[in-house]
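**Student:** Give me a 3D structure for the following:
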Amino acid sequence: MDYRQLGRTDLNVSALCLGTMTWGEQNTEAEAFAQIERAKGAGINFIDTAEMYPVPPRPETYASTEKIIGNWFKSRGDRADWILASKIAGPGNGISHIRDGELRHNRKHIVQALDASLKRLQTDWIDLYQLHWPERSTNFFGKLGYQHSQDQLITPLEETLEVLGEQVKAGKIRHVGLSNETPWGTMKFLQLAESRGWPRPVSIQNPYNLLNRSFEVGLAEIAIREQCGLLAYSPLAFGMLSGKFEDGARPANARLTLFSRFSRYSNPQSVAATSRYVALAREHGLDPSQMALAFVTQQPFVTSNIIGATSLQQLEANLGSFDLKLSDEVLAGIEAIHQGQPNPAP
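**Tutor:** Below you'll find the model as predicted:
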């Protein structure tokens with residue numbers, strides 16, 4: 001396993017990060033434990049979760065993912081072996097069951113959310129605490145066509161950073177990260193942090209995969225120049241790039257089979273592009289999932305690639321992507337497909 005510096009910190013995280021958002025919904029605690037054990041054995045030291053998980057979010061399963069991770073730490077006593085990341089939810093997104101749905105990145109909500117996460121995770125600190133999505137109305141979760149809301153009441157970014165700084169000083173969190181953020185938001189957070197002495201964001205967790213390379217347009221340069229690297233989520237586009245949904249197939253218990261809300265990568269353009277990527281992989285004797293994951297991991301602006309699985313078999317295949325070095329011919333094929341159908345999914 002390769003290890004990469006997290007921002008400008010003294011932490012080195014594994015190039016693959018263990019994603020957890022199915023734990024407590026599609027995966028039992030025992031299955032989650034098996035995934036953690038296998039990932040650790042492969043050299044992964046980085047695990048990412050969120051107060052909102054598992055997905056889809058619903059009151060009956062709320063926060064069970066963090067509880068599962070906390071139970072692992074308690075039973076194994078290996079908290080110090082892990083770089084742990086979690087997130088505070090933002091407003092909207094149909095989650096009225098979290099803090100009565102009035103979710104803000106203000107003092108009250110940050111302290112409440114963080115303390116609750118620490119309790120569930122059974123730990124005294126979180127290494128990377130991320131704002132799951134912006135409080136303001138902007139382009140994230142596949143939204144296109146920016147529409148400005150001049151009168152929207154939002155927590156000043158200054159207040160958010162100030163409170164996070166207090167939590168760092170208190171030892172509850174070590175570093176701060178962004179998620180589903182825009183170029184403007186990322187640079188504004190960085191500028192405020194540097195000018196006011198507040199915690200400087202060390203990472204940004206946004207979607208990035210063969211069907212959605214929009215991160216390359218406005219954020220890749222920021223990630224490299226500002227050392228605020230990408231933690232890539234959805235590297236397989238909800239499993240589409242694995243090829244298991246080819247020709248309209250819907251395997252039992254797959255996320256796209258179970259939950260209609262995950263349609264972001266299922267539009268006709270994405271389906272057509274996916275078929276071309278899957279065919280390219282098979283033409284070169286590659287596993288489609290591993291080709292897609294290897295492409296993400298090797299990007300210079302990526303700090304860590306967040307892999308998730310609902311079975312040990314899937315996890316094993318995902319882990320195997322790290323050892324795959326894509327040839328110039330394969331990379332040229334990927335670029336040809338991308339040029340013909342750039343970013344078919346937002």
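**Student:** quick one: the closest residue to residue 22 other than its chain neighbours and residue 13, what's the gap?
**Tutor:** Spatially, and ignoring its direct neighbours in sequence, residue 22 is nearest to residue 310 (5.3 Å; CB to CB, 6 or more residues apart in numbering). All C-beta spots, glycine's among them, are computed from the backbone N, C-alpha and C. Applying CB to CB, to the nearest Å, the value for residue 310 to residue 13 is 23 Å.
**Student:** So these two - more neighbours on which side?
**Tutor:** Neighbour count, other CB atoms under 10 Å: between residue 310 and residue 13, residue 13 has more, with 27 against 18.
**Student:** just to revisit the earlier point, doesn't the residue nearest to residue 22 fall inside a helix?
**Tutor:** No. Applying DSSP: H, G, I helix; E, B strand; the rest coil, one finds residue 310 to be coil, outside a helix.
**Student:** Now do the residue nearest to the spatial centre of the chain, the pLDDT please.
**Tutor:** Taking CA atoms, centre = their mean as the criterion, residue 233 is the residue nearest the geometric centre of the chain, at 3.6 Å. The model reports residue 233 with a pLDDT of 98.
**Student:** partners of it in the sheet?
**Tutor:** In this entry, residue 233 is beta-bridged to residue 207, by DSSP bridges.
**Student:** mind checking how far it is from residue 141?
**Tutor:** 11 Å.
**Student:** And the helices in the stretch 201-346 of the chain?
**Tutor:** Here the stretch 201-346 of the chain has its helices, by DSSP state H, counting those that start in this stretch, at 215-218, 220-225, 255-258, 268-283, 288-297, 312-320, 328-340.
**Student:** Tell me which of those sits most buried.
**Tutor:** The highest mean neighbour count among the helices of the stretch 201-346 of the chain, using mean count of other CB atoms under 10 Å, belongs to helix 288-297: a mean of 24.
**Student:** So which elements touch that one?
**Tutor:** helix 268-283, strand 302-307, helix 312-320, helix 328-340 (3 or more CB pairs under 8 Å, 6 or more residues apart in numbering; DSSP states H and E).
**Student:** pLDDT (mean, whole number) over the first one?
**Tutor:** In this case it means helix 268-283. Helix 268-283 comes out at a mean pLDDT of 97.
**Student:** pretty sure the residue nearest to the centre of the chain is touching residue 205, no?
**Tutor:** Yes. Using CB atoms under 8 Å, residue 233 is in contact with residue 205, at 5.8 Å.
**Student:** which residues do the two both contact?
**Tutor:** residue 306 (CB atoms under 8 Å, 6 or more residues apart in numbering).
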